[in-house]
Each structure stands twice: as structure tokens, then as C-alpha cells.
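1. here is my input, please return the structure:
(one chain, ligands or ions: 1)
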Amino acid sequence: MEEIPLWYWLLVFFALGACVGSFYNVIVYRMPRGISLINPPSHCPLCKKHIPIRYNLPIVGWLWLRGKSACCHQPISIIYPIGEALCGLLGVLALFSAAAMSAGSVSLELFRAPVVEPAVWAFALSMFWLLLGAYPVCAVDCKYKLIPDSISVGGIVAGLLISFIPGGVTPLQSLLGAAVAGGGLYLMGWTATKLLKKDAMGFGDVKLLAGYGALMGVTGAVETLIVAALLGIIVMVPYGKLRKSDDGSGQIPFGPFLAVAAPLMYLWGEQLFNLYVTFVFGE
Ligand SMILES: [Zn+2]
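-> Residues are numbered from 1 along each chain as shown. Reported below is the predicted structural model:
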């Protein structure tokens, strides 16, 4: 483990990301059609024949078959391998950002050096979750106005597990992060609901931010909430004006803003906070 260089681990993270992307492809195809995710096992949607595992490998399977199914030679959309490759790149980004941040600079030597600090793994795994979880949160919240529990509650579980890797967020900080972030947003939503006399905050957002709290700690979750709210206002004001002519109820889901803000704040939250403090209070 100690001698394996970073570039090798980057390939591993690419493969992991591509596998998650491949799983997303299955979900996107099966969920709206009401097909179970595990049963029946992988089969051709056209001729219903079973697909052998080697053709199911992300990206490789598609290239192997040159974009045509092995069973009935029908074209397979290039969207599938592209989606898998993008998820693979997000996996690479997760580990690379962790290694670069720990090293403080990027050089060729960084790719050849082994990953020594456990904190790099803790950061990389949390970042992996944040980046690859952002896609389903955006897609599902925009389409169905809900946030999948597997990402929100799953984030709490993942955050707590990762916190046992030394060097990152400690288990206590993780627990505190989930409780303060989730509890705080719940209280804000509750207050807003009482004041506005209508549902102001979905419980899905509360669980999602609790997950971010578990992964990033209290500070990261608070920064995420602030930046998500700012992003929301920037997008919502022109959108609201456009929609006013329709029915006026053009409610925009908040989940995607949280999901975009979270990895950004995990990476640059501290710098952004310092910049803000310098800006407001001077040197
Ligand atoms: Zn077929």
C-alpha cells in the first residue's frame, strides 16, 4: 500500500466513479419504467437476452462492442459511456483535489509519490460522495421534488464511517455536524413555515444538509447553506420573474443548490471565508 503511487490510485478512483456512473445508467433506465434494480439481472431492452458481465463493464463494454449490442446488433447510445466517463472523472477529481490540497502544490512528483497521509483518504472519500451524490440529488429533486434518502441519510452514515479515518473530521465533529446542520435547518424551516403560513422547507433538504454536516463538519455545512441560498437567490430572481405569468407557484427545489455548493465549500470554504473576513474587516 505504501509504495503505490498516486497515479495508480487515480486510475482506481476513475474506475470506481465509472462503476457508480454505470449504476446511475441502470437507475435512470429502470426506475421510471418501474423495473427492480437487481431483478431481472442485466438484459437487452430490445431482445430481452441476458448480457454477459464483460459487456457490462463501464465504458470498456461499449468500446468492445463498438456501440452495438452483442445480441441483436442494435445501436447503444453513446450517452451511456459518456455518463460513465464523466462520473469516472469526478472520481479522479475527488482524489486529486485531496492529494493536491495536502501537498499544497501540484507537480509531476505528486503523481509519482505514494499517498501517505490518512487525511488524504478521508478527504478523497468524502469528496467522492459529495461529487457523485450531487448528480442524483439534482436530477431527482428537479424532476420529482424529492431527495433520495440513499444520498441524504446515506451521507450521514458515510460521513460517520469516514470520520474514523484519522486526520479529517473526527467522529464527534461528524455527529455534531449532522445534528447542528440538520437541526438548524429544520428550525429555520419550521419558523419560516409558521411565519409564511405555508410549507417553506422540505424535510429532504434537512436530511441532505445533515449528511453534509456529517461529511464536512458544522462549518462546512453552514458555508454550504449560505452559498446555496445565495446561488438560489441569483437563479430564482430572474426565473421567478419569468414564471410569474404562468401560475405563480413556480417553486424551485433547493436540493440542487445545496448539492452544488457542498463540494465547492468542502474544497474552497476556508479560502472563501478568509477572503470574506478580509473584505469586511480589512487586514
Ligand atoms: Zn438485444
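2. okay, Trp62: pLDDT?
-> Residue-level confidence at Trp62 comes out at 92, pLDDT.
3. could you check how far it is from the ion?
-> From Trp62 across to the ion, the span is 14 Å (Cβ to the ion, to the nearest Å). In short, each C-beta sits where N, CA and C put it, glycine included.
4. what do you get for Leu6?
-> For Leu6, the distance to the ion equals 41 Å [Cβ to the ion].
5. what sits against that residue?
-> 95, 99, 110-115 (Cβ atoms under 8 Å, 6 or more residues apart in numbering).
6. just give me the closest of the residues you listed to the ion.
-> Minimum distance to the ion across those is 36.4 Å, recorded for Leu95 (Cβ to the ion).
7. output the contacting helices and strands for the helix or strand containing that closest one.
-> Leu95 belongs to helix 79-103 when assigned by DSSP states H and E. Helix 79-103 sits against helix 6-30, helix 60-64, helix 108-112, helix 118-144, with contacts defined as 3 or more Cβ pairs under 8 Å, 6 or more residues apart in numbering; DSSP states H and E.
8. please identify the most buried of these.
-> helix 118-144 (a mean of 21; mean count of other Cβ atoms under 10 Å).
9. residue contacts, Trp62?
-> Contacts of Trp62 by Cβ under 8 Å, 6+ apart are 76, 78, 80-81.
10. just to revisit the earlier point, turn the helices and strands packed on helix 79-103 into TSV, columns for distance to Ser174.
-> Output for the helices and strands packed on helix 79-103, formatted as TSV (distance: least, Cβ to Cβ, whole Å):
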stretch	distance to Ser174
helix 6-30	22
helix 60-64	36
helix 108-112	28
helix 118-144	10
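11. which element follows the helix or strand where Leu209 lies toward the C-terminus?
-> When elements are assigned from DSSP H and E, Leu209 belongs to helix 203-243. Downstream of helix 203-243, the first helix or strand assigned by DSSP H and E is helix 255-281.
12. my read: Ala98 touches Phe128, true?
-> No: checked against Cβ atoms under 8 Å, the pair Ala98 and Phe128 is beyond contact range at 9.2 Å.
13. kindly report the residues of the stretch 51-200 of the chain close to the ion.
-> Proximity of the stretch 51-200 of the chain to the ion, by Cβ under 5 Å from the ion, involves residues 69, 71-72.
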